[in-house]
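Q: Compute the structure for the input listed below.
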Amino acid sequence: MKSAIAFVIVAALGISQADAGSATLPVGPQWGDQDLSPFYRWTEALPSGPGVMLREEALPAQPEITKAALARRILYSSTDLRWHAGIVPVSGTLYLPAGEPPAGGWPLVAWAHGTLGVADSCAPSWTGHKPRDATYIERWLESGFAVVATDYQGLGGPGPHPYLIWAAEGRSVLDAVRAARAAHADKLAPKVFISGQSQGSGAALGATTVAPSYAPDVPLLATVATGLVSSFPDGPYKPAEPFKIGSPIYLTLMMLGGSLPDGASVDKLVTEKGGLVLHAARKSCTGEMRAIAQKDGVTADNAYVEPLTKIEASFPPPTDMKPVRLPVPVLLGTGLADSVLPPLRQYAAVVALCSAGNDAVWKTYPGMTHNGGVNAAFPDALAFFREVLAGRKPASNCAGIAQPGAPTEPTKGIPFND
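A: Next comes the predicted model:
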């Protein structure tokens, strides 16, 4: 079983193998491909390189986003790292603030979203951004920043979505920036920031890690990552109890999203019960997956042909990273009531990044959950980016961080703090 599930992604999902290749991208409904609209299916020859805007169209109005003078669905070229299929089309959204741009253009925030699913219909460019995320995007627009938000490879575009594979998701983030800047050069300044939550925190740190080698043309200034999903097995802090996924929802998404070696079949690993969640993952998003699991009694104990813990232990998590020196300052945010990615797990990531000598700032938010943390962190993120824009280097607080306890009770009455 272990050999059947072992990762074959080179160097632990790494960056050592050539990005482009002659392999064929796996496509079809079994990978979550759906016919959304002709916009998402690029039938012409793809450009030879990543970061090229293929087309744009107007986005339907979203009630939480009112401060955008331009709101566009975008399709651009990026690099397939996981399946080595070369250049692929990736979808996303682009927003420019209302009013005249400042001298030199708007600074640009690249937003990396959290877990939604792996089926095409989960793409924010198609369904609209979750109200929590749309509220976050609106706050950047109100503050004078343009926003480009990748769907990530395989959400909207063809083939699988490399779920949690940070080196792949990071390329989707960086190429969205390249495409937006090239297509709207007269409106955007050479000042780029990245912000990501949960799954997107890994994409944000991944993009920051690979930017010097993969996209040195992107003028990245700083990064914010909240609800930290990244794990650092070589970091100095080792929790007494290693974090386990423990959920057939997330593990099914990982298996569909590139965690299994090529040729392995997730269908052979699930029971009849687990097949219900798998079927939902291929056609719908996490909300529907959870509803099916609840309705039909799908649990960690009955979803797979082997115990979930055994399957999970048989391959390293795609969130694993090496503690490296990042090229820009990073702000890391943690809700102390986060029961999805507990504060102690996030603390381990912060300690690892600090140990690598990064210019890191860690902020914690009492009473804030995994969902609530991203908007709670917005004032600090805004101040962090503005400090960098002013030419100042934010002061690291690595020397003063303290180990947190177990997740606390959530504060009631705060939007999205469920």
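
Q: Tell me where the stretch 251-400 of the chain is predicted with low confidence.
A: Nowhere does the stretch 251-400 of the chain drop to pLDDT under 70.

Q: for this protein, longest helix please?
A: Counting by DSSP state H, the longest helix found in the chain is helix 166-183.

Q: Pull out the buried positions in the helix or strand following that helix.
A: Scanning forward in sequence from helix 166-183 by DSSP states H and E, the next helix or strand is strand 188-197. By neighbour count on 16 or more other Cβ atoms under 10 Å, the buried set for strand 188-197 is L188, A189, K191, V192, F193, I194, S195, G196, Q197. In this view, the C-beta of every residue, glycine as well, is placed from N, C-alpha and C.

Q: Give me the pLDDT value at the nearest residue to the second one once chain neighbours are set aside.
A: If I follow you right, that is A189. Spatial nearest neighbour of A189, excluding adjacent residues (Cβ to Cβ, 6 or more residues apart in numbering): G105 at 3.8 Å. Turning to G105, the model gives it a pLDDT of 97.

Q: G105 contacts V192, correct?
A: No: using Cβ atoms under 8 Å, G105 is not in contact with V192, being 11.2 Å away.

Q: re the thing from before, quick one: which of the buried residues of strand 188-197 is nearest to A180?
A: Within the buried residues of strand 188-197, the smallest distance to A180 is 6.6 Å, found for L188 (Cβ to Cβ).

Q: Bridged to the closest one, which residues?
A: W106 (DSSP bridges).

Q: That one reaches W106, doesn't it?
A: Yes: L188 lies in contact with W106 (Cβ under 8 Å); the separation is 5.7 Å.

Q: Need the residues touching each of the two.
A: The contact sets of L188 and W106 overlap at A146 (Cβ atoms under 8 Å, 6 or more residues apart in numbering).

Q: need the contact list for S231.
A: Neighbours of S231 in contact, by Cβ under 8 Å, 6+ apart: F243, P317, T319, D320, M321, R345, A348, A349.

Q: what number of residues lie near R325?
A: Residues lying near R325 (other Cβ atoms under 10 Å) number 10.

Q: G357 is in contact with that one, correct?
A: Yes: if you go by Cβ under 8 Å, R325 and G357 touch, sitting 5.4 Å apart.

Q: quick one: the strands in the protein?
A: 53-58, 68-80, 86-97, 106-112, 146-150, 188-197, 220-226, 330-335, 360-365 (DSSP state E).

Q: just checking, what packs against the fourth one?
A: If contacts are counted by 3 or more Cβ pairs under 8 Å, 6 or more residues apart in numbering; DSSP states H and E, strand 106-112 sits against helix 131-142, strand 146-150, helix 166-183, strand 188-197, helix 199-214, helix 378-389.

Q: Nearest to A45 among the ones you listed would be which one?
A: helix 166-183 (16.9 Å).
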